[in-house]
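Visitor: okay, here's the prediction I keep looking at, along with the sequence it came from:
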Amino acid sequence: MSLIAWRDEFTIGLPDVDHEHRELIAMINAVHESLGPVSGAEKVVAALGEIHARIAAHFALEEREMRKLDYISVTEHKDDHERLLDDILDIMDAVESPKDYDPEALGRRLSKWFTEHFRTHDARLHHWLVGQR
Amino acid sequence: MTANPRRWLRAVFGALEALCSRVFTPAWNPLLQLGALGWFFFWVVVVSGIYLYVFFDTGITRAYDTIETLTHAQPWAGGVMRSLHRYASDGLVVIALVHLLREFALDQMRGKRWFAWITGLPLLMFIYVSGITGYWLVWDVMAQYVAVTTAELLDVLPLFGEPISRNFVNEVSLSSRFFTLMSFIHIAAPLLLLLFMWIHIHRHTDARIQPARGLGLLVLGSLLVLSIALPAVSQARADLDVVPATIGLDWFYLPAYPLVQQWGGVTVWQILGGMLLLLGLMPWLPYKRSPPVAQVSLLNCNGCGRCVADCPFGALSLEPRSDWQTYSAEAVVNADRCLSCGLCVGACPTATPFRSASVFSAGIELPQLPLVALREQLKKSCATLAGSDRLVVFACEHAGSMGADLRRNSAVAQMPCIGMLPPSFIDFVFSRRLADGVVVAGCGANACYQRFGQRWTEERIAGQRDPWLRARVPRERIALSWAADLRAFRRGLASLPPLRLSKADTGKPGLLPAGPRWPVAVRGAGIALLLGVLAGVTAVLATGPGWRQLDPNEAVMRLSIRHATATKIECKPLTPQQMTDLKPNMRRPVDCPRERWPVYLELEREGKLLYRGTHLPSGLWNDGSATVFQTFRIPAGPQSIVVRMRDSGREDGFDQVRAGAIDLQPGQNFVIEFRTGEGFTWR
């Protein structure tokens, strides 16, 4: 079973952003499925590096949309983005040092990482967008 | 061919900029904001000009009087405004020329950067037209000189049907309406100047049109001090009957004028035209090979627009998506404007070295320097470093060479502009423990060749511009070459506690500390000295040294004649037969061929021929008036002259002769005219 399943409440209402959210979830799920014994760590780091770049680009796009719409909480949202990006790099560091490598914990961390941001910041953006219409 | 003077000039500018950065600080360095200072001077001229215009009265006598009253009755108001108007416009010339020289010296106008250079040339012309018409309005002896010489210069061009110089032979021929025309041009030219200033900066993203506030205040202060200490005043009132032997010239605006007298108008136009042509060709001479432009990789581009925002030359835009992906926009490179500086690469969120090698391509890249290559080369050269002061130097193409102690135990990664460096590369160096410190080396402070490389780098490190440098990266291990004492930084590295990258010990994002500075007193004295010298030179050159256009015992004699001669064939009535032979619409009772006789003229002084010439009537059918305008410098004193004219087509002999003895005063403007019925008149 995949780590994160797409749910309708993830929809924000900005087509580009929603499209990318789906792609990112697919990517994270793929990484999760590839998680295995320690020997696969290098592959995981590479995949996480790719995810990091994609997410950075995704955040850049989302921030642009937010600024264009004069979204009120853009600063907090942006700060959370930066924190999340730092998190991924920390996860990569963790995967690289074998003593900390725990596929189970990593999976939980990734899942939490994504859904938490969805549940809070992205949901707030969604509500605000609905309110604007 | 141009390489040597350019290299020499570049060295001069480099030294001056370094000095000014020390004295003024980089933020206030006037040499790094010449364009903005030009705008500043322009607005000072405009504001003071509007004030003056309220009181100015156009008219031959009123013009001089109102300006005299303005200057002397209220020296603290009108006088200061007038002086500001003059000195700021001189400042504008100086700034424009230094700006031009600097762009040439730094080669910031060749190839794709031609636009600002070419649109700058009309600016020079409009500045000169504004200045020259401005001096004209005062109607003192310099204005008289400007009027007479400009007319002489314009008469060389095939613009006017007859010489406009004839307007300035005496007060009678000069109309007050002429001053209305002049003040119209004096307002229209600056408006056109403003239009072209706007076009001039059109291709520059976020062009700087205001100097640093402190610098602006300093410059305004210097202008005020200069205006109070050495107020601008008029010279003697213009008198067209007298040619002043010596006049003070504004050498910023009128350096070409003495040449008109020395070499003649044709030569001066050739020189000016040649200079303009040379300047106009410069962006393409010698030819500059341009590196391949930035390339967008659509697979890695979601249209976030960061590269578009960071391009200093407006070479990037967001356009509708052209591939299968469902994003709405993509970045598109305009190859005609892209200078391959790479600032867009540094802005791209996907430009991170933490990606795996096989698929690593940023959304936008320079084909000649892919980030993968940069990363692999960095890793390779860092492998040879050892110890606790290992250094990675990210350097731009224009960064100066570093001392041997900095080059030791360090790996250098070079790129076209430092703004190309994605901040994540700095993070990468530390998280992979590739080195103990990072030097980010660019051009001199605020003097980035690609305009924004340094500013974007500083702001990205400080978390003020995307992409941010990660918070955990220890800022004390980063030095900006344009703002820091690198030797002290290098020495300090070894004594830092071991590198840790845990979140607990997050470095403080914020601008890195500025470099060493001279004490305030030294800098203050330096500023006062530099601005004082500039102001002094401006004041001296704006009013002198005087130009002697006439020897003290000389006078000027002018032939100013406009004469419609008799028609070559007299009118005669047509016979009825001739009338019927003509087509109905061509029938007329009298036949009058319109062509007139030419004028042949001789001027003799003390029995010696001074001038001889034939002048055709004007007009396509030679049916207009013939005009003669000639100027001679002759010794003053009693003498005899003879002037003869043949205007009836006869072979020899003359139709009009006047001979007489005259006594010329030194500096007298002696004008010989002709009126039908009266014959020759002179005074």
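Guide: The structure has been received and is ready for your questions.

Visitor: spell out which parts of chain A neighbour chain B.
Guide: Applying the criterion C-beta under 8 Å from any C-beta of the partner chain, the portion of chain A that neighbours chain B consists of A:15-16, A:19-20, A:45-47, A:49-50, A:52-54, A:56-61, A:63-64, A:82, A:85-86, A:89-90, A:92-93. No exception for glycine: its C-beta is placed from N, CA and C like everyone else's.

Visitor: looking at these, which are in helices?
Guide: A:15-16, A:19-20, A:45-47, A:49-50, A:52-54, A:56-61, A:63-64, A:82, A:85-86, A:89-90, A:92-93 (DSSP state H).

Visitor: if I pick residue 59, what's in contact with it?
Guide: Going with chain A. By C-beta atoms under 8 Å, 6 or more residues apart in numbering or on different chains, residue A:59 lies in contact with A:81, A:84, A:85, B:349.

Visitor: should've been chain B
Guide: By C-beta under 8 Å, 6+ apart, residue B:59 lies in contact with B:176, B:179.

Visitor: 10 Å instead?
Guide: Contacts here follow C-beta atoms under 10 Å, 6 or more residues apart in numbering or on different chains; on that basis residue B:59 touches B:65, B:66, B:139, B:175, B:176, B:177, B:178, B:179, B:180.

Visitor: out of the residues you listed, which comes closest to chain A?
Guide: Within the set of the contacts of residue B:59, residue B:180 lies nearest chain A; the separation is 51.5 Å, counting by C-beta to the nearest C-beta.

Visitor: report the residue spans of the chain with pLDDT below the cut-off.
Guide: Going with chain A. Counting by pLDDT under 70, the ranges of chain A that qualify are A:1-2, A:35-40, A:98-103, A:133.

Visitor: not quite, go with chain B.
Guide: Per-residue confidence for chain B (pLDDT under 70) gives these ranges: B:1-3, B:357-359, B:502-511, B:513-516.

Visitor: work out which residue lies at the spatial centre of the chain.
Guide: Chain wasn't specified; assuming chain A. For chain A, the residue nearest the mean C-alpha position is residue A:114 (4.4 Å; C-alpha atoms, centre = their mean).

Visitor: not what I meant, chain B
Guide: residue B:96 (3.7 Å).

Visitor: could you confirm it falls within a strand?
Guide: No. Residue state for residue B:96 (DSSP: H, G, I helix; E, B strand; the rest coil) corresponds to helix; a strand is not indicated.

Visitor: next up, the contacts around it.
Guide: Under the criterion of C-beta under 10 Å, 6+ apart, the neighbours of residue B:96 are B:34, B:35, B:37, B:38, B:41, B:42, B:120, B:123, B:124, B:127, B:128, B:252.

Visitor: break chain B down into its structural domains.
Guide: Following automatic domain parsing, chain B resolves into domains at B:34-284, B:295-505, B:554-682.

Visitor: what sits up against stretch B:196-206?
Guide: Applying C-beta under 10 Å, 6+ apart, the set of residues contacting stretch B:196-206 is B:35-36, B:38-39, B:42, B:112-127, B:190, B:193, B:207-209, B:308-316, B:337, B:343, B:451-452, B:455.

Visitor: need the max-distance pair from the contacts of residue A:59.
Guide: A:84 and B:349 (12.9 Å; C-beta to C-beta).

Visitor: what do the two both touch?
Guide: When contacts are counted by C-beta under 10 Å, 6+ apart, the set common to residue A:84 and residue B:349 consists of A:52, A:55, A:56, A:59.

Visitor: ok, so of the contacts of residue A:59, who is nearest residue B:266?
Guide: Closest to residue B:266, out of all of those and judged by C-beta to C-beta, is residue B:349, at 62.2 Å.

Visitor: quick one: that closest one and residue B:422 touch, right?
Guide: Yes. Taking contact to mean C-beta atoms under 10 Å, the distance of 8.9 Å between residue B:349 and residue B:422 places them in contact.

Visitor: find the residues that touch each one of these two.
Guide: Between them, residue B:349 and residue B:422 share the neighbouring residues B:362, B:467, with contact defined by C-beta under 10 Å, 6+ apart.
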